[in-house]
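> When you get a sec, could you give me coordinates for this:
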Amino acid sequence: ERRPRLQKNDFALGAKQAERLLMLLRSCCDENGVCAARTVHYSIVLEGYSKAVEVSSSSSANSHCEAAERVLKLMQADYQSQLSSTINNTAEASCPPNRSCYFTVLQAWCAVAKPNRAETIVRSLIHENSQRNNLKDIAQPTTAMYNKILHSYAYQNSGMAAEHLLQFMRAQSQNHSNSPAPTSHSYGIVIHAYGRMKSVKSAQNAERILNLYEDEWKRLHSTSTSSNTQTPGHIQATSIPYVNAMLAYSKSGHHRSGPQCETLFARIAKISREFPHLSEDFMPGGQHTLYTYNALIEGWGNCGHPQKCRDLLNLLLQDHELQPSVITWTLVVNAYALAGLPRECEAIVEEMQSLVQTKEDDNRKEPPTMPNEYTYNAVLNAWRRSSLPDAPERAHAILRHMQDPQSGTTAKPSEVSHTIVIDTYGANGNPMAVQELLDDMYVSADKEAEGDGTDSYSGRRARHVLPNSITYRSLMNSWIRY
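Have a look, this model is predicted:
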């Protein structure tokens, strides 16, 4: 048979060829009658299909996942056959499926956003373990397997499915000593999954999971304290699940998201005082982290309290150890943008720039940061949401400031920046101005294509900013409002 024409990085074809060689090995036996195909040979084929999934389109990736699962089932069948044929002799089975084999297949299913198929593999593995509990070479589910599936559910915004798997994991660990228990990371993923659903009910569910997590680590802590042993390593007290719960409330859009975040913020400090030995892991140096402050600022900003955000920013500016990052500044700007206060947004950005200019006279641990693209986009959004008559001109001036090499800013406008300005003009029924901005985007992209593709000011690779479908939508809206 003629060999297929090979191309570099054609992982799908490589996996199929590897599987053909595996089939050849399966037909060979050694002097003891044991199949020549070993675990490592099956693993290579599984790895090949896993790589093919990473570089394939959606439809092809699904077929590669099916192929990988087919090879895994073939491996299981061969292993069962070898077990039955080696009962009466000393030969051992040559291809017991190990953890890596199962993880490779479930990882492939997670990569194509089908965590339910991955969960089926774990549950089938548990069922096999219950049927063959006297075998020493049998693979066991691991925490990494569960967490991988939980992550996939989280990015599918399937908080309920993630919680069901977490509860299944808890039940298995309680009923079987060799089953892994949920870690702090496991609880944090489920809380994050509910947070991504962006509703009040999901935020409440996130806090409910947080309560389960807190009860568990406190129970283990009290047990270890009474027996003078360390808390089991699978679950430790960390502030990340608490911050994830704060983010769940901040993204819920509820009018009380700020107070709820404040309550969780205070709860972290209270726990740190009640369990002082947790300070370094829970609150380094007995202080809240910047990550926690950012979650609190986002919570107050999303429920319409920009002044609360400003007060928290001022508190951080007075702290020489914990300085606000560009994310912190952007969250405060966005809070004022959501409140429809564009001039205040511009004032905050100017303050941010002035702090950078005077950093030589500052003894702070870390120098202030420059506004980035997201900071300016928040200001542009503020003008877009504004009903002020000069909103389009002000937004356009900010865009020109970002484009000007002499402005001193390192932030360059993206498609999003242009589209916001275009949308601002469009909302005022000015299609001619929108068309001019659209033409400027094409002219700028052509100039970059003719040059060396390097930004003359920053020395970075310039982005070819071209209109997208949202840009054209704004132009069409501007014409029908004209």
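
> and the nearest residue to Ile240 once chain neighbours are set aside, what does it touch?
Of all residues not flanking Ile240 in the chain, Gly188 sits nearest, at 5.1 Å (CB to CB, 6 or more residues apart in numbering). Every residue, glycine included, has its C-beta placed from N, CA and C. Contact analysis of Gly188 by CB atoms under 8 Å, 6 or more residues apart in numbering lists 213, 238, 240-241, 244.

> so how far is the strand or helix carrying Ser130 from its chain's centroid?
Take DSSP states H and E as the rule and Ser130 turns out to sit in helix 115-131. Centre-to-centre, helix 115-131 and its host chain are 25 Å apart (CA atoms, centre = their mean, to the nearest Å).

> buried stuff in that helix?
Using 16 or more other CB atoms under 10 Å as the test for burial, helix 115-131 gives 115, 117-119, 121-122, 125-126, 128-129.

> For Lys412, what is the enclosing helix or strand?
Going by DSSP H and E, Lys412 is not part of any helix or strand.

> how about it, phi and psi?
Dihedral pair for Lys412: phi -110, psi 140, per degrees, to the nearest 10.

> Using pLDDT, spot the least trustworthy of the contacts of Gly188.
Lowest pLDDT among the contacts of Gly188: Thr238, with 89.

> Can you tell me how far that residue is from Ser186?
12 Å (CB to CB, to the nearest Å).

> go on, Ala68?
Distance of Ala68 to Ser186, computed by CB to CB: 25 Å.

> What is the burial count for His234?
16 (other CB atoms under 10 Å).

> Repeat that for Asn62.
For Asn62, the tally of surrounding residues (other CB under 10 Å) stands at 17.

> where does this structure have low pLDDT?
The model of the chain has pLDDT under 70 over residues 1-9, 29-35, 85-93, 132-138, 224-233, 279-281, 357-368, 444-464, 482.

> do that again at 50, thanks
For the chain, applying pLDDT under 50 flags the ranges 1-2, 6, 8, 88, 90, 230, 360-361, 452-462.

> tell me, what residue is most central in it?
Residue closest to the mean C-alpha point of the chain, counted by CA atoms, centre = their mean, is Tyr155 at 7.3 Å.

> Next, that one: phi, psi?
Per-residue torsions, Tyr155: phi -80, psi -10 (degrees, to the nearest 10).

> Assess the claim that it and Ala111 are in contact.
No. Counting by CB atoms under 8 Å, Tyr155 does not reach Ala111; the two are 10.8 Å apart.

> Secondary structure element for the residue nearest to Ile240, which one?
Element membership of Gly188 [criterion: DSSP H and E] is helix 184-195.

> What's the first helix or strand after that helix?
helix 200-226.

> quick one: Ser202 and Ser184, what's the gap?
Distance from Ser202 to Ser184, counting by CB to CB: 21 Å.

> same deal with Ser60?
Distance, Ser60 to Ser184, by CB to CB: 37 Å.

> Pro467 now?
Pro467 sits 45 Å away from Ser184, going by CB to CB.

> Spell out which residues sit in contact with Arg384, please.
Arg384 sits next to 391, 395, 420, 423-424, 427 when contact means CB under 8 Å, 6+ apart.

> just to revisit the earlier point, compare neighbour counts for Ser60 and Ser184 and give me the winner.
Comparing Ser60 with Ser184 by neighbour count (other CB under 10 Å), the higher total belongs to Ser184, at 18 against 14.

> Which one's more surrounded, Thr238 and Ser186?
Ser186 (26 against 18).

> Met145 is in contact with the more buried one, correct?
No. Ser186 lies out of contact with Met145 (CB under 8 Å); the separation is 11.1 Å.

> Could you count how many residues lie near Asn211?
Neighbourhood size, Asn211 [other CB under 10 Å]: 10.

> buried sites along stretch 211-223?
Using 16+ other CB under 10 Å as the test for burial, stretch 211-223 gives 212-214, 216-217, 220-221.

> Apologies, that question was intended for stretch 315-326.
For stretch 315-326, by 16+ other CB under 10 Å, it's 316-317, 322-326.

> Restricting to C-alpha, output that stretch in PDB.
Extracted C-alpha coordinates of stretch 315-326, given in PDB (Å, rounded to 0.1, in the frame of the first residue of the first chain):
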ATOM      1  CA  LEU A 315      -7.000  54.500  50.400                       C
ATOM      2  CA  LEU A 316      -4.700  52.500  48.100                       C
ATOM      3  CA  LEU A 317      -2.900  55.700  47.000                       C
ATOM      4  CA  GLN A 318      -2.000  56.400  50.600                       C
ATOM      5  CA  ASP A 319      -0.600  53.000  51.100                       C
ATOM      6  CA  HIS A 320       3.100  52.800  50.300                       C
ATOM      7  CA  GLU A 321       3.100  49.000  50.200                       C
ATOM      8  CA  LEU A 322       0.000  48.200  48.200                       C
ATOM      9  CA  GLN A 323      -0.300  50.400  45.100                       C
ATOM     10  CA  PRO A 324      -3.200  50.400  42.700                       C
ATOM     11  CA  SER A 325      -2.500  48.700  39.400                       C
ATOM     12  CA  VAL A 326      -3.800  49.800  36.000                       C
END
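
> Give me the distance between Val434 and Val71.
Distance, Val434 to Val71, using CB to CB: 55 Å.

> Those two: which is more packed in?
Val434 (27 against 23).

> tell me the contacts of the more buried one?
Residues in contact with Val434, defined by CB under 8 Å, 6+ apart, are 422, 425-426, 474-475, 478.

> Ile209 against Tyr194, yeah?
Yes. Applying CB under 8 Å as the test, Ile209 and Tyr194 come out as touching, 6.9 Å apart.
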